[in-house]
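Engineer: Coordinates only, no sequence provided:
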């Protein structure tokens, strides 16, 4: 029987599955260079080269370095690598092992082992749903390191709590194998450093699918040293989680791989105040995406960073009930100096807001997004109303927006120096294609902004340095072009609750209550109503009122739009995403004083003379939290009264610009703010 078992295992391991440090001659595997341990329900038996193991019934302890090959089936057994024992290879050669009271495999403190699923074998490690002192099917204790590898298959069932769990200062690496994890809580979790280099992973989790999160709240031994970092360089990952798909308390870096991620039922799920985080990819620190193919369907944000989010490569197909890409601080998409309009490639079919960050930089790539509210939003409610904290910079790439709220929205400036932007704002309501509280400065690139009457605004002559042409009725209100929010007036400004109270931010902490049916959108500051509940909004992604009445310009959803110069040459053409009554177009080909024509579905709809911009084009591109009166976390200790002033200023500007109060005193008051 031993000879037959040896022959079978030799065939499984012939393709160099064992690490060189453990077994240098895997192609001549025999009992002479490994130890064979077989499990049955009666216990375990072992024989072979290494004597560094102990057997107590069906509990096996590894006490010395070596290669140990496990097979058989046992309903209540365990494998433990003892404290500080390193250079251990645990080969799973057809093992079905369940533990009734502890982890099926445990790596004790400061140990190091590779768990290898042998080629052609199917293996299962599980714990009991009733009790587990280690709270995982595979447990990696403090300071220990685990490598999961091989070309076989490993099923992990975390019935009590977690699937694979690493403790403080531990490290877990996954490479090559087919790994299937089902867990009542977290699937693959490590407090310190988790690395995925390859493999075929399928994880279904009642908590987070993949997680790196130090336990800083432990009353007896809080973990204050682990980093909570995740690095993914390859592999195929199918993640289904009630919580987050991938969550790192430190940094999250992804350079490659194929991802199919669903959280909390996907974007159609309606979240309540009591629901926890269910984001696709989340990092408390930096989130860096340089490559990979992503299909993401989430109830919460698809990609979220509490700090900075960089997207320099990859392909993304996203549906989300909240933001597609959200950064509390800087969000940058594309590569600075790149002329590529292909990388990264981002397709956002449904979201609440598409891109959100305090400062947003669009360098390159191709982005097509449909949003229930704002398409791109430079805002962060934690920073209050410090205008130079927010800005949107468009320096290249191609961006197409179909927004139910504002298309491009900034609580500060918008600066455009290159690229092509095609933006369709709300078809009705108090939102527009363009909205900003500072200035819109365009010195390059092509912009097509389409919206409703008084809701598609153009750069002001004092700010913009590139000429533009406008078709339809436009409105310049307050300090910017927006039809709502902040300095722009039109809709109730931020923090305008009676008495000057500040509503909750809705980020990571308490979630704001859902709006009643037909309630207006809140503004762009992050103090918004329950976000992106796609079931309460039209499928088209428009605002609450749905499609507007027929356009005076004849623009309807699907209309062919063409802009021509006086010589009849086509400067731009596209297909309308919705009904619209006004169009703004700016490109280097537009010259002030010249006449241009808008053609809708083959018929001339309007002609207009281009406006010549006369400003300098200068714009403030700097931001310092300390200079703005904040500490490094964005807390504003000196601006407690600022929301009241902002509320008053915005109300005054709204009254003056809307015609509600036309007296000279209101115009004078508006100028003071």
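Structural biologist: Good, I have the coordinates. Keep in mind that this is a model prediction, so the values were computed, not measured.

Engineer: Only C-alpha atoms from now on, for both contacts and neighbour counts.
Structural biologist: OK.

Engineer: And the helix or strand harbouring residue 72, what does it pack against?
Structural biologist: Assigned by DSSP states H and E, residue 72 belongs to strand 66-74. Applying 3 or more CA pairs under 8 Å, 6 or more residues apart in numbering; DSSP states H and E, one finds that strand 66-74 contacts strand 35-40, strand 88-99.

Engineer: low-scoring pLDDT stretches of the stretch 351-500 of the chain, where are they?
Structural biologist: Scanning the stretch 351-500 of the chain for pLDDT under 70 picks out the ranges 384-387, 428-430, 453-464, 473-500.

Engineer: now the stretch 201-350 of the chain
Structural biologist: Within the stretch 201-350 of the chain, the ranges that satisfy pLDDT under 70 run 219.

Engineer: Report all helices and strands that the strand or helix carrying residue 156 contacts.
Structural biologist: Using DSSP H and E, residue 156 sits within strand 153-158. Packed against strand 153-158 by the contact rule (3+ CA pairs under 8 Å, 6+ apart) you find strand 122-127, strand 136-140, strand 162-166, strand 178-183.

Engineer: got the angle between it and strand 88-99?
Structural biologist: When axes from the mean of the first three to the mean of the last three CA atoms, to 10 degrees is applied, the directions of strand 153-158 and strand 88-99 differ by 50 degrees.

Engineer: how close does residue 151 get to residue 177?
Structural biologist: Per CA to CA, to the nearest Å, residue 151 is found 5 Å from residue 177.

Engineer: Overlap of the contact sets of those two?
Structural biologist: residue 117 (CA atoms under 8 Å, 6 or more residues apart in numbering).

Engineer: still on that earlier bit, what lines up beside the strand holding residue 72 in the sheet?
Structural biologist: According to DSSP bridges, strand 66-74 has the following sheet partners: strand 35-40 (parallel), strand 88-99 (parallel).

Engineer: any idea which of the ones you listed is most buried?
Structural biologist: strand 88-99 (a mean of 25; mean count of other CA atoms under 10 Å).

Engineer: Could I get the buried residue list for the helix or strand hosting residue 608?
Structural biologist: Element membership for residue 608, per DSSP H and E: strand 603-609. By 16 or more other CA atoms under 10 Å, the buried positions in strand 603-609 come out as 605, 606, 607, 609.

Engineer: how about these in CSV, adding distance to residue 81 and pLDDT?
Structural biologist: Listed next are the buried residues of strand 603-609 as CSV, based on distance: CA to CA, whole Å; pLDDT from 0 to 100:
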residue, distance to residue 81, pLDDT
605, 78, 95
606, 78, 95
607, 80, 95
609, 79, 95
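
Engineer: Which of those residues sits closest to residue 591?
Structural biologist: Checking the buried residues of strand 603-609 against residue 591 by CA to CA gives residue 609 as the nearest, at 9.1 Å.

Engineer: Find the residue closest to that closest one in space, skipping its chain neighbours.
Structural biologist: residue 595 (4.3 Å; CA to CA, 6 or more residues apart in numbering).

Engineer: Distance-wise, check the one you found relative to residue 554.
Structural biologist: Distance of residue 595 to residue 554, computed by CA to CA: 20 Å.

Engineer: repeat for residue 186
Structural biologist: Distance, residue 186 to residue 554, by CA to CA: 54 Å.

Engineer: Neighbour count for these two, which is higher?
Structural biologist: Shown here are residue 186 and residue 554; by other CA atoms under 10 Å, residue 186 has more neighbours (30 against 17).

Engineer: Contacts only, for the more buried one.
Structural biologist: Residues near residue 186 by CA under 8 Å, 6+ apart: 161, 162, 163, 205, 206, 207, 208, 209, 210, 211.

Engineer: Present these as TSV; the columns should include neighbour count and distance to residue 573.
Structural biologist: Output for those, formatted as TSV (neighbours: other CA atoms under 10 Å; distance: CA to CA, whole Å):
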residue	neighbour count	distance to residue 573
161	27	56
162	32	54
163	33	53
205	27	47
206	20	48
207	25	47
208	31	45
209	33	44
210	26	45
211	30	46
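
Engineer: quick one, helices of this protein?
Structural biologist: Taking DSSP state H as the test, the helices found in the chain are 2-12, 642-658, 664-672.

Engineer: Throw the strands paired with strand 66-74 into JSON lines and include mean pLDDT and distance to residue 315, thanks.
Structural biologist: Compiled in JSON lines, the strands paired with strand 66-74 are given as follows (pLDDT from 0 to 100; distance: least, CA to CA, whole Å):
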{"stretch": "strand 35-40", "mean pLDDT": "96", "distance to residue 315": "46"}
{"stretch": "strand 88-99", "mean pLDDT": "96", "distance to residue 315": "36"}
